[in-house]
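K.L.:
Below are the sequence and a predicted model; questions follow.
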Amino acid sequence: MENEKRLTCEDKIDAELEYELEKIQRALRADNLLRCDGCGQEWRSADEFEDCPVCEEGYAERLDEDENEYDLLEGPYIEHTVVRADISAGGPQDFWRLYLDPDGEIDKVSYHYFDWFDGAERWLRGSQLETVKEWFGEQVRYLMEGR
């Protein structure tokens, strides 16, 4: 045990980032899955008020609502054009920094992972960036409307 190297945040951040992105992707898929309370038909739609495509009368119920661990509206910290969305606090802690362009749209995203006197950061690109922008985009627009 004494000879084991203690992993730094730099050693851990890539796995932690992938884990957080997988949670967002699961939440995005769950968020779009609806079930008709009348006939039981399931379908995907961004509009939870959409009529059932089969019976056209039933009320759409969102599935897997309780599994959504991400809700920016619970307590964001807005500073100028940067939104910080905490995932966890303490040791370790991780969070997103969402950088907004002048129109209030997410332009850049960084993921941060800290553990006591150590820390690491990753800038998202490509599909990782698009996943986070898709998840937080509407919530950030909602928050910025009141400013």
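P.N.:
Cool, the structure landed.

K.L.:
rest of the way, CA atoms for contacts and neighbours
P.N.:
Fine.

K.L.:
lowest-pLDDT helix or strand in this protein?
P.N.:
strand 77-79 (a mean of 40; mean pLDDT, DSSP states H and E).

K.L.:
Count the neighbours of the closest residue to Q25 other than its chain neighbours for me.
P.N.:
Nearest residue to Q25 in three dimensions, chain neighbours excluded: T131, at 7.0 Å (C-alpha to C-alpha, 6 or more residues apart in numbering). By the criterion of other C-alpha atoms under 10 Å, T131 has 18 neighbours.

K.L.:
Okay, buried residues for the helix or strand harbouring T131 please.
P.N.:
Under the criterion of DSSP states H and E, T131 resides in helix 126-145. Judged by neighbour count using 16 or more other C-alpha atoms under 10 Å, the buried positions of helix 126-145 are Q128, L129, T131, V132, K133, W135, F136, G137, V140, M144.

K.L.:
now this protein, which segments are flagged as low pLDDT?
P.N.:
Along the chain, the parts satisfying pLDDT under 70 run over 1-4, 30-32, 44-49, 58-80, 146-147.
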